[in-house]
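> Generate coordinates for the sequence data below:
(one chain, ligands or ions: 1)
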Amino acid sequence: MTESATEPSVEITRMMDGAVIAQLIHLVAELGVADVVDGARSVDELASFTGTEPEALYRALRTLASIGVFTEVAPRTFDLTSLAVPLRSDAEDSVRELATVRGSREHWLALGELRHSLCTGRSAFARAYGTDWWSYLDENPEHAAKFSKAMGDNFAQVHAAAAGASDFPDTKLLVDIGGGRGDLVATLLQRHPAMHAVVFDRPHAVADAAELLQSAGVADRAQVTAGDFFEGVPEGGDTYVLCRILHDWDDQQAAHIMSNVADVLPAGGRVVVIEAVVPEGDESHPAKLMDITMLAMHKGKERSESEFAALFESAGLRHVRTLHTNAQISVLIAEVDRTTKVQEKPPSQ
Ligand SMILES: C[S@@+](CC[C@H](N)C(=O)[O-])C[C@H]1O[C@@H](n2cnc3c(N)ncnc32)[C@H](O)[C@@H]1O
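Residues are numbered from 1 along each chain as shown. The predicted structure follows:
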C-alpha cells in the first residue's frame, strides 16, 4: 500500500469535496463570472454583472481561490489565475461550454443515480430521465446545441493532436462518423488540400455543420449527411474516422457500429478511431474518470488497447497500430482483416 502524506481519513474526506468543487466551477462558468473578471474586480461589481448575491458569490470565489481558481488580490477583490482563464468564453483553450454542460442538471441527476449503474451496468441517466441521452437531446434542442458546442470547443485540442499524429497519405474521401458540427473535418480539410470529406451524424447534430465548414473555407470539399450509424453509414469513403464515438456505447453497440463501417470499407481502406486509451493497472489517467461518466450517461465505456483490438476483430477488422498524442488521446488504425474475410468465405465445392 502507498503511504499518503496526510492522514488517510483526512485525504479521503477531502476527496468527498470534489462534488462541491465541480459544481462551483460549473456555476462560475455558466454565470459568466470569469468573463467579467477583466482585471481585479470587487465582488460587488462581479455580483451585479452576473446577477448573484454578493456574500454568496464572495464565499464561492474565496473557496475557488483556495484551490488556485481565481485569486483574492485585495479583500473581497478577485482576479483571474491561469486556472480561471479557460473558464472565459474568449480563451483560446476555453472550456466554458464544457463546464456548463458537465455540471448541468442532466449530468448531476444522472450521477445521483450512479448506484443504479453500479448495480446493473445500465445507464444512470436513463434511470433519472426515463429516456436515453441522445433521445433527450433530440427533444431538448437548446441543450443539444450547448452539448455540440461543448464537444467542438473541448475537442479542438484533441482534433489538432489527432490530425497531427495521423497521416492520411492517400485519402481521397474521408467519412467522419458522428462528426457533429464538422470541427474535425474542417481541421483535416484545411491540412490536406486534396482531400474531400463527409460529415455524418444525427440530424440535430449536423444542423450547424454547413455553416461551420463554410466559415472554415472548406465547404466546396465537404458534404453533410444526416443519418443513424446503427442503420448504416455512407458508402464511398476510403478512410472512416470515429472520434470519441465508441466510448458512448457498450461492447455490443460499439461492435454494431464498427461492423456497419466494416461493411462499406473498401479493400485497402482504413478506419481511424480517436479515443482515450485506458492504461492497465493503477496508473492515473483522465479516461478512468471519464469511463464512469460514460457508464452513468450511456452505459458506455472507455477501453484499453486490447479491448479496442478485440472490438475491431469482432467486426472483421485488424488493429494495425496505435499512435499516441500529447493530448491524452490516441489514434488507433484498423484495416480489413484479410484472414477473417478469407475464413468467412464458404468452402468451395
Ligand atoms: C461525443 S460526440 C463526438 C462528436 C465528434 N466526433 C467530435 O469529435 O467532436 C458523439 C457524437 O455521436 C453522435 N451520435 C450519437 N448517436 C448517433 C447515431 N445513432 N448516429 C449518428 N451519430 C450519432 C452524436 O450526435 C455526437 O455528435
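> what about the helix or strand containing L109 and the ligand, any contact?
Assessed by DSSP states H and E, L109 sits inside helix 105-112. No: remark: helix 105-112 sits outside contact range of the ligand, by C-beta under 6 Å from any ligand atom, the gap being at least 13.5 Å. C-betas here are computed from N, CA, C, even on glycine.
> who touches that helix?
Identification of contacts with helix 105-112 by C-beta atoms under 8 Å, 6 or more residues apart in numbering yields 23, 101, 123-125, 127-129, 136, 143, 293, 296-297.
> any idea of the mean pLDDT for that helix?
Mean pLDDT, helix 105-112: 95.
> Would you mind listing the buried residues in that helix?
Neighbour counts over helix 105-112 (16 or more other C-beta atoms under 10 Å) mark 106-107, 110-111 as buried.
> Quick one, which of the contacts of helix 105-112 are buried?
The buried subset of the contacts of helix 105-112 - by 16+ other C-beta under 10 Å - is 101, 123-125, 127-129, 136, 293, 296-297.
> Can I get those residues in a markdown table including secondary structure?
Shown next, in a markdown table, are those (DSSP: H, G, I helix; E, B strand; the rest coil):
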| residue | secondary structure |
| --- | --- |
| V101 | helix |
| S123 | coil |
| A124 | helix |
| F125 | helix |
| R127 | helix |
| A128 | helix |
| Y129 | helix |
| Y136 | helix |
| T293 | helix |
| A296 | helix |
| M297 | helix |
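> out of those residues, who's nearest the ligand?
The ligand lies nearest to M297 out of those, by C-beta to the nearest ligand atom, at 10.0 Å.
> Please look at that closest one and R127 and confirm they touch.
No: M297 is beyond contact range of R127, at 11.1 Å (criterion: C-beta atoms under 8 Å).
> near the ligand, which residues of the chain?
Counting by C-beta under 6 Å from any ligand atom, the positions of the chain adjacent to the ligand are 134, 151-152, 155, 178-180, 183-184, 201-202, 205, 228-230, 243-245, 248.
> From those residues, keep the buried residues only.
For these, a burial check counting by 16+ other C-beta under 10 Å picks out 151-152, 155, 178-180, 183-184, 201-202, 205, 229, 243-245, 248.
> that older thread, which of the buried ones among the contacts of helix 105-112 sit farthest apart?
Pairwise distances across the buried ones among the contacts of helix 105-112 peak at 19.6 Å for V101 and R127 (criterion: C-beta to C-beta).
> could you pull out the helices for the stretch 151-300 of the chain?
Ranges of helices in the stretch 151-300 of the chain, per DSSP state H, counting those that start in this stretch, are 156-165, 183-191, 209-215, 251-264, 286-298.
> which residues sit against the last one?
Read that as helix 286-298. The contact list for helix 286-298 (C-beta under 8 Å, 6+ apart) reads 107, 110-111, 113-114, 117, 121, 123-125, 132-133, 247-249, 276-278, 300-302, 328.
> Return the list of helices and strands in contact with the host helix or strand of V28.
If you go by DSSP H and E, V28 is part of helix 18-30. Helix 18-30 sits against helix 54-65, helix 96-102, with contacts defined as 3 or more C-beta pairs under 8 Å, 6 or more residues apart in numbering; DSSP states H and E.
> Quick check: which ranges of the stretch 201-349 of the chain have low pLDDT?
For the stretch 201-349 of the chain, the stretches with pLDDT under 70 are 338-349.
> Mind doing that once more with 50?
For the stretch 201-349 of the chain, applying pLDDT under 50 flags the ranges 341-349.
> Could you give the separation of stretch 311-319 from the chain centroid?
23 Å (C-alpha atoms, centre = their mean, to the nearest Å).
> mind checking the end-to-end distance for that stretch?
End-to-end distance for stretch 311-319, by C-alpha to C-alpha, to the nearest Å: 9 Å.
> swap in stretch 134-146?
For stretch 134-146, the first-to-last residue distance is 13 Å (C-alpha to C-alpha).
> Surely K146 touches R102?
No: K146 lies out of contact with R102 (C-beta under 8 Å); the separation is 10.8 Å.
> Quick check: which of the helices and strands packed on helix 18-30 is buried the most?
Stretch with highest mean neighbour count among these: helix 96-102 (a mean of 21; mean count of other C-beta atoms under 10 Å).
> and the closest residue to Q157 other than its chain neighbours, how many neighbours?
Closest residue in space to Q157, ignoring its immediate chain neighbours: A327 at 5.1 Å, by C-beta to C-beta, 6 or more residues apart in numbering. A count of nearby residues for A327, using other C-beta atoms under 10 Å, gives 18.
> check contacts around A327.
With contact set as C-beta under 8 Å, 6+ apart, A327 has these partners: 157-158, 160-162.
> Out of the helices of the stretch 151-300 of the chain, which is the most enclosed?
Taking mean count of other C-beta under 10 Å, helix 183-191 is the most buried of the helices of the stretch 151-300 of the chain, at a mean of 22.
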